[in-house]
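Visitor: no FASTA, just this:
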């Protein structure tokens, strides 16, 4: 897989699909402790229609690099990759932390973001008392136990346990320093008072059973957007893998101009 060296990290990415279709490339950005393969279903579908790009964020998947302290720094990595690939206008599709990165890109480069899709994401981190206590206690428990506690609760009730265990194992492969540093970056993330500046048409897709970033938080954010469309799907926080076909169809409708 191709890689790009950016500020001490080697970012692994995929760049597929036709270049001459006229549509702005889709840029898929995964979430915390995940990797670019969260988007396998969407990549397979859209690569036949338009240019599609995805990457492993620094320290995740097949990318190297230490954790960073702000979401802005992750957004700068994405911008560096797009500049390297000579992509001007694009459509960011971000899941969870990837949605935070997408919003940061839209605020920093409004002229480049044609449309935007936020999947299970919000504009300001707000934890329940129980969630806050869990995170505060994270340094007192083995790292793999901490990861397991977070990933298991990300899926809707009834999702196959063996598949959840596979995602737990994959997430635990993300270095502890990266996981915990980026947790701090997410906790500090707050653009809620600025999202009214984002003029790009935005689709917000959220899992009804999401307890990581509850749907109510997303709905409060949606009110502040000038041009937001909301879709709620019967899933938890991991929509790209819990309901891949439904998510892909929802994206397709949003991205296809009305006749």
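Guide: Thanks, I have it. These numbers come from a predicted model, not from an experiment.

Visitor: Please report how far the nearest residue to residue 87 once chain neighbours are set aside lies from residue 17.
Guide: Once flanking residues are discounted, residue 87 sits nearest to residue 25: 5.5 Å by Cβ to Cβ, 6 or more residues apart in numbering. From N, CA and C alone the C-beta is placed, and that goes for glycine too. According to Cβ to Cβ, to the nearest Å, residue 25 and residue 17 sit 8 Å apart.

Visitor: Sketch out the helices for this protein, chain order is fine.
Guide: With DSSP state H, the ranges of helices along the chain come out as 40-46, 71-84, 97-108, 129-136, 143-152, 161-172, 176-188, 215-222, 239-242, 244-255.

Visitor: Take these and lay them out in CSV including distance to residue 53 and mean neighbour count.
Guide: Shown next, in CSV, are those (distance: least, Cβ to Cβ, whole Å; neighbours: other Cβ atoms under 10 Å):
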stretch, distance to residue 53, mean neighbour count
helix 40-46, 9, 18
helix 71-84, 8, 19
helix 97-108, 13, 25
helix 129-136, 32, 12
helix 143-152, 26, 18
helix 161-172, 21, 15
helix 176-188, 21, 17
helix 215-222, 25, 18
helix 239-242, 16, 23
helix 244-255, 15, 17
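
Visitor: mean pLDDT lowest for which of the ones you listed?
Guide: When these are compared on mean pLDDT, helix 129-136 scores lowest, with a mean of 65.

Visitor: Pretty sure residue 3 sits against residue 12.
Guide: Yes. The pair residue 3 / residue 12 is scored as a contact, 5.2 Å apart, by Cβ atoms under 8 Å.

Visitor: Now for those two: what residues contact both?
Guide: residue 63 (Cβ atoms under 8 Å, 6 or more residues apart in numbering).

Visitor: Contact partners for the closest residue in space to residue 59 that isn't next to it in sequence?
Guide: Once flanking residues are discounted, residue 59 sits nearest to residue 178: 3.4 Å by Cβ to Cβ, 6+ apart. By Cβ under 8 Å, 6+ apart, the contact set of residue 178 is 58, 59, 60, 65, 66, 67.

Visitor: Taking the residues you listed, please make a ChimeraX selection of just the buried ones.
Guide: Provided next is the ChimeraX selection string for whichever of the contacts of residue 178 are buried by 16 or more other Cβ atoms under 10 Å:
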select :58,59,60,65,67
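
Visitor: Thanks a lot, see you next time.
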